[in-house]
Each structure stands twice: as C-alpha cells, then as structure tokens.
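S.K.: any chance you could fold what I've pasted below:
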Amino acid sequence: MILEHVWIQVRAGDEAAYEASIREALPIIESAPLCYGAEVRRQIEDPTRYLILIRWASVADHMAFRETDLYVQWRALTVPFYDGPPAVTHFSEPLPR
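M.R.: Residues are numbered from 1 along each chain as shown. The predicted model follows:
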C-alpha cells in the first residue's frame, strides 16, 4: 500500500466553502477501486493550507483513478478553491521499526 500526499493552498476566504466541498468529495475518492481511505488536515500556522492523505494499493491504482468519472466529480468539487496547483507525491510503506 502507498500513501498519496497532496499539499493544497486554498484561496484566502474560501476555507469554509472548501471544507464543505471536501466533505462531499471524500466519499467519492474513497469509493474508487483500491482506495483504502482518505483524510484531510488543515495547517495550524497557515489556515489556507491543507494536507490530503490517501491510501492506495499502488501508484498505478491512483493513476487509474485519474482516468475515471469519479475523478471528474472529485475535481469539480475541489479544484475551484485551489490557489495554484497542488503538490502531489507518493510514499512507500512505513519503514520497519
């Protein structure tokens, strides 16, 4: 399993609207094949910054999601609030302890 890390800047003043839209959007992405859950966190120091963490079976499964109608629905709900493009990266399984 991998962890997708999405760093988002939301336009100042749109935070409440973004949070309402992301609550609607999370069940959409979580219904995608081989998605194992997602969460969104708001940065304390800069409340226009958000971190989305999404668990996928693989990077390929994340990329396959981007070719679906679910992705179109996700984008329609979330992208209108972005202040610039998000930074998306992927992380491997946790290192052994």
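
S.K.: which residues does the residue nearest the centre of the chain contact?
M.R.: With distances taken as C-alpha atoms, centre = their mean, residue 52 lies nearest the centre of the chain, 4.2 Å away. For residue 52, the contacting residues are 4, 5, 6, 8, 22, 38, 39, 40, by C-beta atoms under 8 Å, 6 or more residues apart in numbering. Placement of C-beta: from N, CA and C, glycine included.

S.K.: and what of residue 88?
M.R.: 4, 5, 6, 7.

S.K.: what's the distance between it and residue 16?
M.R.: To residue 16, residue 88 is 24 Å away according to C-beta to C-beta, to the nearest Å.

S.K.: same thing with residue 90?
M.R.: 30 Å.

S.K.: mind checking which of these two has more residues around it?
M.R.: Higher neighbour count among residue 90 and residue 16: residue 90, with 14 against 9, using other C-beta atoms under 10 Å.

S.K.: now do the more buried one against residue 9, distance only.
M.R.: Distance from residue 90 to residue 9, counting by C-beta to C-beta: 20 Å.

S.K.: roughly how far out does the longest helix belonging to the chain sit from the chain middle?
M.R.: For the chain, the helix with the greatest residue count under DSSP state H is helix 15-30. The gap between where helix 15-30 is centred and where its chain is centred comes out at 9 Å by C-alpha atoms, centre = their mean, to the nearest Å.
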